[in-house]
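Participant: need a 3D model of the following:
(2 chains)
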Number of protein chains: 2
Amino acid sequence: MQRVHVNNLMAKDNNNNNKKMVEAITSMGEDFAQWYTDVVKKAELIDYSSVKGCLIIKPYGYAIWENIQHELDRRFKETGVENVYMPLFIPESLLEKEKDHVEGFAPEVAWVTQGGLQPLQEKLCVRPTSETLFCDFYKNLIQSYRDLPKVYNQWCSVVRWEKETRPFLRSREFLWQEGHTIHATEEQAEARTVQMLNLYADFCEDFLAIPVVRGQKTEKEKFAGAEATYTIEALMHDGKALQSGTSHNFGDGFARAFGIQYADKNNQLQYAHQTSWGVSTRIIGAIIMVHGDDSGLVLPPRVAPTQVMVIPVQMQKEGVLEKATELYNRIAKVARTKIDDSDKTPGWKFADCEMRGIPVRVELGPKDIEAGHCVIVRRDTREKIVVDLDEIETKIPEILETIQKDMFERAKAHRDSHIWDAHNYEELKDIAANKPGFIRAMWCEDRACEEKIKDELAVSSRCMPFNDQEHISDVCVCCGKPAKKLVYWGKAY
Amino acid sequence: MQRVHVNNLMAKDNNNNNKKMVEAITSMGEDFAQWYTDVVKKAELIDYSSVKGCLIIKPYGYAIWENIQHELDRRFKETGVENVYMPLFIPESLLEKEKDHVEGFAPEVAWVTQGGLQPLQEKLCVRPTSETLFCDFYKNLIQSYRDLPKVYNQWCSVVRWEKETRPFLRSREFLWQEGHTIHATEEQAEARTVQMLNLYADFCEDFLAIPVVRGQKTEKEKFAGAEATYTIEALMHDGKALQSGTSHNFGDGFARAFGIQYADKNNQLQYAHQTSWGVSTRIIGAIIMVHGDDSGLVLPPRVAPTQVMVIPVQMQKEGVLEKATELYNRIAKVARTKIDDSDKTPGWKFADCEMRGIPVRVELGPKDIEAGHCVIVRRDTREKIVVDLDEIETKIPEILETIQKDMFERAKAHRDSHIWDAHNYEELKDIAANKPGFIRAMWCEDRACEEKIKDELAVSSRCMPFNDQEHISDVCVCCGKPAKKLVYWGKAY
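Facilitator: Presented below is the predicted three-dimensional model:
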């Protein structure tokens, strides 16, 4: 009798705790921005620091980044990328060498003016990106066509002095990788630019279960100093777009500004051609906003630091903890697994697993043990699956694969059901005001039209897609002149 | 005949090239400092950047660092370490909170005074180390004894505005890891401090084949703000010491300065106890100076980015390149392997392998193919080993293991033959002037003696060893008063 009484108390406490944890997150529908902020804090991804706009990435958030790093780095190296490390600081005179580039970045860099007790003779900016450092390096490294290509990358942090900041999406310091390559010809540089954009897109779709649109940025939106910028654009749950990775072809613009020349096979001096490409911790923001729900994070299994959480139920009963530990040891051989044998209630543990987006939880109580099975609960659908204990090593990987695939399909269905076509300005205006998502509309390539749309309708051009260049109309959605490109427009983070 | 003529030309060119490559390095005996600088440049570990004292770590140097990172990170995680990322910037007011700490670091930090186009209200230093940031974080994170311990680490770069700089050994920016832990009790903090020092020592000995002395720093040499600093000290080929990793016990000093308190089991507020520990890219300097020789780098197999280089000899002969590629494919399954099938001469390739310290090169020419064997040349001893092609998959790992072991034994023999005992000041003076290496001598624990020795004899106290506290004399080597500790003294980088 006493035992039952305790169980009742636990069940009650359990409900209260569940309720409290859920109450602590604002619902998406009520206030998406607040929901996002709640999730990054409650799932213990980040904390705020004493420096405005600079985040602390906590162990759980950093473990997600480590998985991203590890997988991207592996894919990079398969294509011949080598990692290097360039200095944190850029002398002012170096930053100023490429005109468009300095105009793009100078207004938002942090300046070091004092080293030790002395003022510096020349101020140094904390790198906002490292094109200028790589150019300065390549200038001495590259002499002959035999020295080309160089396909270098670095993992580091960069600083941009943003006024408005948001965790992962826009912070004054963020972690990223920046690849910087140099090639003999225009064609080789273009091929690498496209190759890396496709690598990013495949990574997002395969590993993060995030469908992306691949395309080219307009002149207005391209990177400062680039000839062409390619981008992958993802759609968040609230219908806003997030630029999730970019790849730039610089042509020989930086090479001319920095004097990077090589002797070709005929011993003629030629300017080299360069690219750069980057993905940052911003992508963690995309994972949250594409997959999350009102109970917290939902992580795709491939990127989840913990894929399976084993939770013993009625742990005080004899043999339960022992059996659960045995089960944990078996599952740990096939997936990244933890067991929660703390003295918290099962209900608290369930809610905690949900908040952290752990793809699968495995419940095991006395009745399950008696029946020779356990109960697997999918985080994404909350589906309960009863699995024979004998089959656990084969079932867990299957279920994780299914979740990964289903999450992608669901995100894709959501994205595809939020793409709207606008054939004229009235339609565009109506969609921009009332229908969250991507808007497909034709454009004349005139910057004035692009700026008018942005100013009046608060949507920006996201990209001119590679694979979707059908003409949905013959005229520009804005001015009515002949249309040249299909553009995806949208509100963006 | 023409073929022979070509071969003769190649042989000649080969000799010239060899000579040129070897001439390009100063010999160790002639000028050790210049030898070091030559090696870091010629082995393509680093390049100089436009910012004085800030290095470019090139792909080969960075690949060494990646191997170090990977192995250390694996060992850390086995002991429960979790990785995080803290901001790059520390507000001046935060840096100033712990008195000893700010006195130690303020004279050598870089200051950011401008963000974007505006001067900052409070200047920010670029982290020279992150104790203050971790304290500020822990202050809010830690409420109860249930929140302890936290065993966090970050991989990042730090900045110290040094006047004199040398590649890897002392640069204004360097890469490292810094662990910062927080515990309920003094005992737990002390145990973690010692655990990490031992982890570093084992890593150096097992992975880098560098024997180290483990010990405690004196009051004068300890870290700014620490109660105790433990260190591993390695001996370089020129007889100078290199501090290769440190672990600090802060007691509750930082906790008191930052107000980090937790409620214990009796709900009483207690100050927490902290540690920090770090290893940096400096350790690459140790690898170079412990193992290198007049032909360049010599890398221990476990840390070598390329463990085996296959070099086809007389590549123009039919079947050689094909057989060499076949051999390369087989070796690549058991070791990190490359094949050099460039159009350079074998002699150039041999010298290049030696410069880069690749542990094993495998030569395969027409005669070897005919005889069904290949020639393996050890980088460390230059020993040639003829190996049946059939046995290559078992022999290569064996030889790599032997090299690893032999390199450690050789470094240890060198170190042990350069430890000198001084029983009085005259002996100390003589050894300091004439015998490179560690000096063991007794000390009264009076700072005045330590400073006198440093000022007059230019040797500093390296550590009070843990495992070697025999009393080699009853009196201090300097003042003749009763001795308390055996100290290792030496000239240091």
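
Participant: spatially nearest residue to the residue in the stretch 301-450 of chain A positioned nearest to chain B (excluding sequence neighbours)?
Facilitator: Nearest residue of the stretch 301-450 of chain A to chain B (Cβ to the nearest Cβ) works out as residue A:342 at 9.4 Å. (Each C-beta comes from the backbone N, C-alpha and C, glycine too.) In space, and not counting its chain neighbours, residue A:342 is closest to residue A:349: 7.5 Å by Cβ to Cβ, 6 or more residues apart in numbering or on different chains.

Participant: contacts only, for the one you found.
Facilitator: Contacts here follow Cβ atoms under 8 Å, 6 or more residues apart in numbering or on different chains; on that basis residue A:349 touches A:309, A:311, A:340, A:342.

Participant: helix/strand/coil for the last one?
Facilitator: Classification of residue A:342 into helix, strand or coil gives coil, according to DSSP: H, G, I helix; E, B strand; the rest coil.

Participant: any idea how far it lies from residue B:141?
Facilitator: Applying Cβ to Cβ, to the nearest Å, the value for residue A:342 to residue B:141 is 18 Å.

Participant: more neighbours, those two?
Facilitator: Of the pair residue A:342 and residue B:141, residue B:141 is the one with more neighbours under other Cβ atoms under 10 Å in any protein chain shown, namely 18 against 12.

Participant: buried stuff in the strand or helix carrying residue A:215?
Facilitator: Using DSSP states H and E, residue A:215 sits within strand A:213-216. Neighbour-count burial for strand A:213-216, counted by 16 or more other Cβ atoms under 10 Å in any protein chain shown, picks out A:213-216.

Participant: then stretch A:365-379?
Facilitator: By neighbour count on 16+ other Cβ under 10 Å, the buried set for stretch A:365-379 is A:365-366, A:368-369, A:373-379.

Participant: please apply the same query to stretch A:239-259.
Facilitator: Within stretch A:239-259, the residues scored as buried using 16+ other Cβ under 10 Å are A:239-255, A:257-258.

Participant: just say helix, strand or coil for the closest residue in space to residue A:435 that isn't next to it in sequence.
Facilitator: In this structure, residue A:435 finds its nearest non-sequential neighbour in residue A:420, 5.3 Å apart by Cβ to Cβ, 6+ apart. Here residue A:420 is recorded as strand under three-state DSSP.

Participant: for residue A:420, what are its contacts?
Facilitator: Contact analysis of residue A:420 by Cβ under 8 Å, 6+ apart lists A:431, A:435, A:437-440.

Participant: could you redo the last one with a cut-off of 6 Å?
Facilitator: Residue A:420 sits next to A:431, A:435, A:437, A:439 when contact means Cβ atoms under 6 Å, 6 or more residues apart in numbering or on different chains.

Participant: ditto for residue A:436
Facilitator: Counting by Cβ under 6 Å, 6+ apart, residue A:436 has contacts residue A:239.

Participant: farthest pair within the buried residues of stretch A:365-379?
Facilitator: Pairwise distances across the buried residues of stretch A:365-379 peak at 24.5 Å for A:366 and A:379 (criterion: Cβ to Cβ).

Participant: not counting its neighbours along the chain, what's nearest residue A:346?
Facilitator: Per Cβ to Cβ, 6+ apart, closest to residue A:346 is residue A:313, 5.0 Å.

Participant: just to check, that neighbour is in contact with residue A:350?
Facilitator: No. Applying Cβ atoms under 6 Å, one finds residue A:313 not in contact with residue A:350, separated by 9.7 Å.

Participant: what residue lies at the spatial centre of chain A?
Facilitator: Note on chain A: the residue nearest the mean C-alpha position is residue A:283, at 1.1 Å, using Cα atoms, centre = their mean.

Participant: how close does that one sit to residue A:235?
Facilitator: 14 Å.

Participant: cool, residue A:143 as well?
Facilitator: 47 Å.

Participant: comparing these two, which residue is more hemmed in?
Facilitator: Comparing residue A:143 with residue A:235 by other Cβ under 10 Å, the one with more neighbours is residue A:235, at 29 against 11.

Participant: which strand residues sit across from that one in the sheet?
Facilitator: residue A:241 (DSSP bridges).

Participant: before we move on, the earlier item: ranking the contacts of residue A:420 by neighbours, who comes first?
Facilitator: residue A:439 (25 neighbours).

Participant: wait, a strand at it?
Facilitator: Yes. Looking at residue A:439 with three-state DSSP, it is inside a strand.

Participant: quick one: contacts for the residue nearest to it when sequence neighbours are not counted?
Facilitator: Among residues not flanking residue A:439 along the chain, residue A:489 sits closest, at 4.4 Å (Cβ to Cβ, 6+ apart). Residues in contact with residue A:489 (Cβ under 6 Å, 6+ apart) are A:439, A:459, A:461.
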